[in-house]
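Chemist: Starting from these lines, generate the structure:
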Amino acid sequence: MWMHGGGHSRKSLCTRRGGMPVHSLTLLMILSCAYADLPGQPRQMSQSTQEDWEQCKSDDPDRSIVGCSALILSGKEADAEVAEAFNDRGLAFLHKGEYDHALRDLDQALRLDPNSAKAFYSRGLTYAHQGDNDHAIQDYSQAQRLNPNLAEAFYGRGLAYLRKGDYDHARQDFDQALRLKPDNADAFDGRGLAYWHKGDYDRAIQDYDQTLRLKPADADGFYNRGLAYESKGEHDRAIQDYDQALVLKPSDADSFYDRGLAYMRKGDYHHAIQDYNQALRINSNHAAAFNGRGLAYAHEGDYERAVQDYDQALQINPALDAAIANRGLAYANKGSYDRAIQDYDRALLINPRLAEAIRGRSVANAHVGAYYQSAIDYLGWLRLKLGFWGITIRLCLIAATLAFGFRLSRKKSVKLSAPQVTG
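Modeler: Residues are numbered from 1 along each chain as shown. Below is the predicted model of the structure:
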């Protein structure tokens, strides 16, 4: 049994391009649209102060930093307005990827205004970008306590729970975000991901349908729905969605990779190799694509090229256990059982529960005459595949079959050896 390594490259709002997950994480969240108005009640402002506020609220982070800094240093603003300026400057630093500066400003905003839901939300967003999901959840929760109608905080906390693998809480938060904003395409996408991880592919597809209804040109929405169809074994529908994703985003290595995987599972190794070639043309460090192409070559009986691709995959990711085990199987198919056993041993050091590596090592050991080790590995494989009772039942069936065969052969022997009765 060949293994597809590297997993899927989820292009969700919490895990994007290149693997997880949260491979190079980019959170697609609206940073400040919920708080576009100037702080406080209408008041008289000088022309220069108005200009500073306009700059502070600018979408250009550099302009925003200049305007907010002028307001903070002016000494003319009340604490609430200074807190607002710190919040907006913190968001500008966040846009620039300067997370430490952003956190310092947001801490100042909360010191001046401890009841600012938007500052808690902004700081939670900053922690999320740093990958600090626990602090992000704490701040989003505070924002929700202060403003129970803040859909963005529910959405953000849902993403943080997703990244922690807490899919039930993530789904609950996306439910709340959608209750407050029913047309939030990103929340549908996030909830679809939560359902996908829970194995509820039909509900995931329903949510991705909603994402695409609201954002018909969303390449990632097509990609994610393709993954859900593929998880259901509906390879043709998955390929159709990957096709759409590639029309919208032609240089997407992950869509080529996963479409190649769908072709592989259909047994169309020629098209699979073409897609893996495209994925590697775009991203020459895509270890899973090397592993996938190696699988396709192996299925075509070209074990030399398969081994070369597994070698490339392992240069990029030496801990890719599937590629190690697949290389072991390729060596076994070439008759190099000692090298196969070495690879199976290495794969099992990384992942002791890699069932196909245990099964492969059992077969290879049998070929080199290590029958005891082969039997031990075979029993280990059965335990992983069937569990304790499964092994017991299987051994009982084998024993019953042997007993029946022995009894039948004995009856035939007795019959054949019985003396002939002659008249």
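
Chemist: going forward, measure contacts between C-alpha atoms and count neighbours the same way
Modeler: Fine.

Chemist: Could you check how far the helix or strand where Gly328 lies is from the centre of its chain?
Modeler: Using DSSP states H and E, Gly328 sits in helix 321-333. Its chain's C-alpha centre and that of helix 321-333 lie 24 Å apart, by C-alpha atoms, centre = their mean, to the nearest Å.

Chemist: send the alpha carbons of it over as PDB?
Modeler: The C-alpha coordinates for helix 321-333 follow below in PDB (Å, rounded to 0.1, in the frame of the first residue of the first chain):
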ATOM      1  CA  ASP A 321       7.500   9.400   7.100                       C
ATOM      2  CA  ALA A 322       5.200   8.500   4.200                       C
ATOM      3  CA  ALA A 323       8.000   9.300   1.700                       C
ATOM      4  CA  ILE A 324      10.400   7.100   3.700                       C
ATOM      5  CA  ALA A 325       7.900   4.200   3.800                       C
ATOM      6  CA  ASN A 326       7.100   4.600   0.100                       C
ATOM      7  CA  ARG A 327      10.800   4.500  -0.800                       C
ATOM      8  CA  GLY A 328      11.000   1.300   1.300                       C
ATOM      9  CA  LEU A 329       8.200  -0.200  -0.800                       C
ATOM     10  CA  ALA A 330       9.900   0.900  -4.000                       C
ATOM     11  CA  TYR A 331      13.100  -0.800  -2.900                       C
ATOM     12  CA  ALA A 332      11.200  -3.900  -2.000                       C
ATOM     13  CA  ASN A 333       9.600  -4.000  -5.400                       C
END
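
Chemist: After it, which helix or strand is next?
Modeler: With elements assigned by DSSP H and E, the helix or strand that comes after helix 321-333 is helix 337-350.

Chemist: If we go by neighbour counts, what in that next one is buried?
Modeler: Tyr337, Asp338, Arg339, Ala340, Ile341, Asp343, Tyr344, Asp345, Arg346, Ala347, Leu348 (16 or more other C-alpha atoms under 10 Å).

Chemist: Same check on stretch 175-184?
Modeler: Asp175, Gln176, Ala177, Leu178, Leu180, Asn184.

Chemist: which one of the buried residues of helix 337-350 sits closest to Tyr242?
Modeler: Taking C-alpha to C-alpha as the measure, Tyr242 lies nearest Ala347 of the buried residues of helix 337-350, at 31.2 Å.

Chemist: right, and the closest one touches Ile324 too?
Modeler: Yes: the pair Ala347 and Ile324 qualifies as a contact (C-alpha atoms under 8 Å) at a distance of 5.7 Å.

Chemist: For the buried residues of helix 337-350, give me TSV that also has distance to Glu304.
Modeler: Shown next, in TSV, are the buried residues of helix 337-350 (distance: C-alpha to C-alpha, whole Å):
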residue	distance to Glu304
Tyr337	15
Asp338	17
Arg339	14
Ala340	14
Ile341	18
Asp343	16
Tyr344	18
Asp345	21
Arg346	20
Ala347	20
Leu348	23
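
Chemist: quick revisit: give the other helices and strands that the helix holding Gly328 contacts.
Modeler: helix 287-299, helix 303-316, helix 337-350, helix 355-367 (3 or more C-alpha pairs under 8 Å, 6 or more residues apart in numbering; DSSP states H and E).

Chemist: Check those for me and report the most buried one.
Modeler: helix 287-299 (a mean of 28; mean count of other C-alpha atoms under 10 Å).

Chemist: picking that back up, please tabulate the helices and strands packed on helix 321-333 in a markdown table, including the columns distance to Trp196 and mean pLDDT.
Modeler: Output for these, formatted as a markdown table (distance: least, C-alpha to C-alpha, whole Å; pLDDT from 0 to 100):
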| stretch | distance to Trp196 | mean pLDDT |
| --- | --- | --- |
| helix 287-299 | 21 | 97 |
| helix 303-316 | 27 | 98 |
| helix 337-350 | 26 | 96 |
| helix 355-367 | 24 | 94 |
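
Chemist: Could you export those to TSV, including columns for distance to Tyr121?
Modeler: Below are the helices and strands packed on helix 321-333 laid out as TSV (distance: least, C-alpha to C-alpha, whole Å):
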stretch	distance to Tyr121
helix 287-299	36
helix 303-316	38
helix 337-350	40
helix 355-367	44
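
Chemist: pretty sure Asp189 contacts Gly221?
Modeler: Yes: the pair Asp189 / Gly221 is scored as a contact, 7.1 Å apart, by C-alpha under 8 Å.

Chemist: joint contacts of those two?
Modeler: Tyr208, Thr211 (C-alpha atoms under 8 Å, 6 or more residues apart in numbering).

Chemist: so where's this structure shaky on pLDDT?
Modeler: 1-45, 388-423 (pLDDT under 70).

Chemist: ok, 80 please
Modeler: 1-46, 385-423 (pLDDT under 80).
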